[in-house]
Structures are given as structure tokens and as C-alpha cells.
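Novice: Pasting a predicted model and its sequence here:
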Amino acid sequence: MALYLVAFEFVEKEPFDYEPLWAELARLEAHRTLESACLLSIDFDQAERLVRYLRQYVHTEDRLWVTRLSADHYYANAKQGTNAWLTANPP
């Protein structure tokens, strides 16, 4: 399993239903660590593959950034539960 940070920015030029995105992230047991970012442990070998997979759940003009995390990462003031999620899903 690889650990990824997924960041998103919704352009919202027209109404769009993001419930399928939230449902898929919940199904994949992602952890929302910031308002616009989540952590995801998944068996994908490339960040590009994960971007292509998640694009089906967002508007075509929305922005996605996926990066694979290593053991060398740091954060401050992440949402509650982040430490526990990282302990359970180490890079």
C-alpha cells in the first residue's frame, strides 16, 4: 500500500454533485486532514494513476494534486484523528 496526500480545489462554475466523491473517499477509508486535502492509503503505484481515477468524481475544471508521502513528512494543526490515521497507515 502507498500513502498519498490528495489535495483538491473546486472551481464551481456550475452546480456539481460532490457526494459521489465523498462517498468514494469514505469507501477507501481516506482521512480528511485539511478542508481541501485528505490522506489515502491505496494500492496504486503512481500518483498519476490516482489522479486519473479520482477525476471521474470531480468537475472537469476542478484541480487535483496527488503526491506520494514518504516517512519524512510533517504537519501542524491537522484535523483531529490525523495522528491515529497515520499510525495505522504508515508510509
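Specialist: All right, it came through fine. Numbers count the residues shown, from 1 in each chain.

Novice: Check what contacts stretch 65-84 and list those residues.
Specialist: Stretch 65-84 has contacts (CB atoms under 8 Å, 6 or more residues apart in numbering) with 2-8, 31-34, 39, 47-48, 50-51, 54, 90-91. Placement of C-beta: from N, CA and C, glycine included.

Novice: Centre of the chain to it, how far?
Specialist: Centre-to-centre, stretch 65-84 and its host chain are 11 Å apart (CA atoms, centre = their mean, to the nearest Å).

Novice: ok, and for the lowest-mean-pLDDT helix or strand in the chain, which residues are buried?
Specialist: Using mean pLDDT, DSSP states H and E, helix 82-88 stands out as the lowest-scoring helix or strand of the chain, at a mean of 85. For helix 82-88, burial by neighbour count (16 or more other CB atoms under 10 Å) applies to Thr82, Trp85, Leu86.

Novice: cool, stretch 12-25 as well?
Specialist: In stretch 12-25, counting by 16+ other CB under 10 Å, buried: Leu21, Leu25.

Novice: Need the residues that contact it.
Specialist: Contacts to stretch 12-25, defined as CB under 8 Å, 6+ apart, come from residues Phe10, Arg32, Cys38, Leu40, Leu54, Tyr57, Val58, His59, Glu61.

Novice: In JSON lines: these, plus distance to Tyr75.
Specialist: Formatted as JSON lines, these follow (distance: CB to CB, whole Å):
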{"residue": "Phe10", "distance to Tyr75": "22"}
{"residue": "Arg32", "distance to Tyr75": "13"}
{"residue": "Cys38", "distance to Tyr75": "13"}
{"residue": "Leu40", "distance to Tyr75": "15"}
{"residue": "Leu54", "distance to Tyr75": "21"}
{"residue": "Tyr57", "distance to Tyr75": "25"}
{"residue": "Val58", "distance to Tyr75": "24"}
{"residue": "His59", "distance to Tyr75": "28"}
{"residue": "Glu61", "distance to Tyr75": "28"}
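
Novice: packing partners for the longest strand belonging to the chain?
Specialist: Identified as the longest strand of the chain according to DSSP state E is strand 2-9. Secondary-structure packing of strand 2-9 (3 or more CB pairs under 8 Å, 6 or more residues apart in numbering; DSSP states H and E): strand 37-42, helix 47-54, strand 63-68.

Novice: Right, I'll call it a day here.
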